[in-house]
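Q: sequence isn't available, so here's the structure alone:
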């Protein structure tokens, strides 16, 4: 008879069953290797327990203030971007900006004054403007309309 892999088995005593603790008064019964009393002898140590030092959640300060439910988040467009997208001037509004890929639709638009329009005259319609943006658009011969 030839020996095949399915005929092989571990030597006696090579594979021992896992000791199941706390299952009666026999081996590892009763206290189950946990000693007597104390928090470690009971179910488990609390998740935030740090061995007696002051836990991180108590060391850090409480957060002050609140989150405003009515906060308006604007999508921002700067003047240099407007001059780049509309070099011939003309009417610029949220719809044109969405079409040009400068902003996403569905959120209010604010125009900020970073950069320069050069001599591009724009009639800009937006939900908000910075003071410097209004000045620069007017100086370039354009107009500002708040929606």
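A: Arrived safely, thanks for sending. The model shown is predicted, which means the values in this text are computed figures rather than measured ones. Numbering: from 1, shown residues only.
Q: phi and psi next, for residue 128.
A: As for residue 128, its main-chain torsions (degrees, to the nearest 10) stand at phi -160, psi 150.
Q: residues in contact with it?
A: In this structure, residue 128 makes contact with 74, 108-111, 146, judged by C-beta atoms under 8 Å, 6 or more residues apart in numbering. To be clear about C-beta, it is placed using only N, CA and C from the backbone, and glycine gets the same treatment.
Q: what do you get if the cut-off is 10 Å, keeping everything else the same?
A: Counting by C-beta atoms under 10 Å, 6 or more residues apart in numbering, residue 128 touches 72, 74, 76, 108-112, 146-147.
Q: kindly report the same for residue 57.
A: Counting by C-beta under 10 Å, 6+ apart, residue 57 makes contact with 48, 50.
Q: and the strands in this structure, which stretches?
A: According to DSSP state E, the chain carries its strands in the segments 75-78, 90-92, 109-112, 122-126, 128-129, 143-146.
Q: tell me the strands beside the third one, with direction?
A: As defined by DSSP bridges, the strand partners of strand 109-112 come to strand 75-78 (parallel), strand 128-129 (parallel).
Q: picking up where we left off before, highest neighbour count among the contacts of residue 128?
A: residue 111 (29 neighbours; other C-beta atoms under 10 Å).
Q: next one: the residue lying farthest from the centre of the chain relative to residue 9, how far apart?
A: Taking C-alpha atoms, centre = their mean as the measure, the residue most remote from the mean C-alpha position of the chain is residue 1, 66.9 Å away. Summarising the geometry, the distance separating residue 1 from residue 9, computed by C-beta to C-beta, to the nearest Å, is 16 Å.
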